[in-house]
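give me the fold of what follows.
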Amino acid sequence: MPPKLGPLMTHIANIVDAGTLRKGNNLISLGIRTQTRDWVRPAFVTGSQASRSRAAMGENLDLLPETTVKVEIAEVEHPSDLDHRPHFTGTVYLQDGKTMTIHIPKAKNLAEYQAAGQGLGQDY
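As a prediction, the model looks like this:
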């Protein structure tokens, strides 16, 4: 499902840095939302969520526009009424200041990313 331009999902209160991704010559920062005005995610789950998010992003970089500078993951893997695939939901930030909501399909090869050392805080 291609991303659509849209507003931020909710006011962001806290983001955990999950490293960077490379798409062509661009570096894209990846963050995990741990708190908003509506909910709080326990800190102990962000490490595993970051690893799974990085793997999913690595397999789906083609979903990101060329001008992406940052992706913040807000929701863990889940299906929804509009997208039945297990996916992460996040916000993409573009160079021009615009944002879009995106669904990132769950990684098929998470074990390969983990075996290659592609965990939290490492670049690939």
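
all contacts plus neighbour counts: C-alpha atoms, from now on.
Noted.

from the chain's centre, how far out does the strand or helix carrying residue 56 sit?
For residue 56, the element it lies in under DSSP states H and E is helix 46-59. If you compare the mean C-alpha spot of helix 46-59 with that of the full chain, they lie 7 Å apart, counting by CA atoms, centre = their mean, to the nearest Å.

can I get that helix in PDB? Just the C-alpha atoms.
Output for helix 46-59, consisting of C-alpha atoms alone and laid out as PDB, is shown next (Å, rounded to 0.1, in the frame of the first residue of the first chain):
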ATOM      1  CA  THR A  46      11.700  -0.700  22.400                       C
ATOM      2  CA  GLY A  47      14.900  -2.700  21.800                       C
ATOM      3  CA  SER A  48      13.100  -5.700  20.100                       C
ATOM      4  CA  GLN A  49      10.700  -3.300  18.300                       C
ATOM      5  CA  ALA A  50      13.600  -1.300  17.000                       C
ATOM      6  CA  SER A  51      15.300  -4.500  15.700                       C
ATOM      7  CA  ARG A  52      12.100  -5.700  14.000                       C
ATOM      8  CA  SER A  53      11.300  -2.200  12.600                       C
ATOM      9  CA  ARG A  54      14.800  -1.900  11.100                       C
ATOM     10  CA  ALA A  55      14.500  -5.300   9.400                       C
ATOM     11  CA  ALA A  56      11.100  -4.300   8.000                       C
ATOM     12  CA  MET A  57      12.400  -0.900   6.800                       C
ATOM     13  CA  GLY A  58      15.500  -2.600   5.200                       C
ATOM     14  CA  GLU A  59      13.300  -4.900   3.200                       C
END
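
what average pLDDT does it get?
Mean per-residue pLDDT for helix 46-59: 85.

which is the succeeding secondary structure element to it?
strand 68-78.

parallel or antiparallel, which strands does that following strand pair with?
The pairing partners recorded for strand 68-78 under DSSP bridges are strand 26-36 (parallel), strand 87-94 (antiparallel).

for the longest one, buried residues please.
Taking 16 or more other CA atoms under 10 Å as the basis for neighbour counts, the residues of strand 26-36 that come out buried are 27, 28, 29, 30, 31, 32, 33, 34, 35, 36.
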